[in-house]
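In: coordinates for the following, if possible.
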Amino acid sequence: MLRVLAVDDEKPALGELLYLLRSDPRVRSADGATDATEALRRISRALDAGPDGGDGIDVVFLDIHMAGLTGLDVARLLSEFARPPLIVFVTAHEGFAVQAFDLKAVDYVLKPVRRERLAEAVRRVSDLTAAARGARQSPPVAGADAGAAGGPAPDRAGSAATGPLVTGSTAPGTAPEQIPVELGGVTRFVPIDEIAYVEAQGDYARLHTADGSHLVRIPLSTLEERWASRGFVRIHRSHLVALGRIDELRLDAGATTVRVGAAELAVSRRHARQLRELLMRHARG
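Out: From the prediction side, this is the model:
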């Protein structure tokens, strides 16, 4: 069960959050702090006691806008520790999601907090905490210290530091089936077959599905390489498209575009010919 610290400088909001957390059967204890200084003092005491100590904290539910240090400041400070608690941001502002992702937050819950949405955040934290505890209790296996030999060290969710790992089928020659998405760590799995197209956003990629979009910290070029066998093709420096999701190919005054659901995407000249050939092959089966 989870040991929780909730941090919010607005006492009514903190009281409501604590009430909801304490009513969740997966939460063993939920304490509150009304400022960042108090929160950091409690977290430092918990880290000194170790993960199984009496003052242990598994997760911090953290407001962003607070007097003095902000929640983002607190998260940056915690990232310097070897084994910091997990972080869930609870905020009234949507504009800090990418920064929260950078800080490896497990979730990003918007105020006013709904019971069912908070329960989903608790579930994600509970799953990650259970996996971490299991890893600590399991005997080491061959190659477990590969990071010490120069390989990338795993993050809290078990993936390499180079970005989200695709998971699923691991049979030789078989592309994996799902990709973990959300605000950092493994929080939700999106089937690759549900992704219609991918949009480059700097070092990130935005996955577009029929239900919405998801931001992952992985370059478009990496996804292009990994998903070529699943029918994803590059049509532009900014877009990767699932071939089977293309509804129309349009040629207009020398410009080529494709329609993927409600989205109309430009096709660069260097990719246009290859795309037409691939579409012809796909149509012939």
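
In: for Thr257, phi and psi?
Out: Here is the backbone geometry of Thr257 (degrees, to the nearest 10): phi -140, psi 160.

In: touching, it and Ser268? I think so.
Out: No. The criterion here is C-beta atoms under 8 Å, and Thr257 misses it with Ser268 at 10.8 Å. Every residue, glycine included, has its C-beta placed from N, CA and C.

In: using the three-state scheme, assign Asn125.
Out: Rather than Asn, residue 125 is Val. The assignment at Val125 comes out as helix when based on DSSP: H, G, I helix; E, B strand; the rest coil.

In: let's see the pLDDT reported for the residue lying closest to it once chain neighbours are set aside.
Out: In space, Val125 comes closest to Val59 once its chain neighbours are excluded; the distance is 4.7 Å by C-beta to C-beta, 6 or more residues apart in numbering. Listed pLDDT for Val59 reads 96.

In: burial of Val59, as a residue count?
Out: A count of nearby residues for Val59, using other C-beta atoms under 10 Å, gives 26.

In: and it, how far is that from Arg250?
Out: To Arg250, Val59 is 49 Å away according to C-beta to C-beta, to the nearest Å.

In: can you list the domain ranges for the protein.
Out: Domains of the chain are assigned by automatic domain parsing as 2-136, 178-283.

In: ranking the ones you listed by mean pLDDT, which is last?
Out: Among these, domain 178-283 carries the lowest mean pLDDT, at a mean of 85.

In: thinking again about what came up before, neighbour count: Thr257 and Ser268, which is higher?
Out: Counted by other C-beta under 10 Å, Thr257 and Ser268 do not tie: Thr257 has more neighbours, with 17 against 14.

In: how close does that one get to Asp203?
Out: 26 Å.

In: just the strands in the stretch 151-285 of the chain please.
Out: Remark: strands assigned in the stretch 151-285 of the chain by DSSP state E, counting those that start in this stretch are 178-181, 188-191, 195-201, 204-209, 212-216, 232-236, 239-242, 248-252, 255-260, 263-267.

In: in the last one, which residues are buried?
Out: To tie it back to what came earlier, the one meant is strand 263-267. 263, 265, 267 (16 or more other C-beta atoms under 10 Å).

In: moving C-terminal of the strand or helix carrying Thr37, what's the next helix or strand?
Out: Element membership of Thr37, judged by DSSP states H and E, is helix 36-49. As assigned by DSSP H and E, the chain's next helix or strand after helix 36-49 is strand 59-62.

In: sheet-wise, list the partners of that following strand with their directions.
Out: With DSSP bridges as the test, strand 59-62 is paired with strand 2-7 (parallel), strand 86-91 (parallel).

In: any idea of the angle the first one forms with helix 36-49?
Out: Put plainly, it is strand 2-7. 150 degrees (axes from the mean of the first three to the mean of the last three C-alpha atoms, to 10 degrees).
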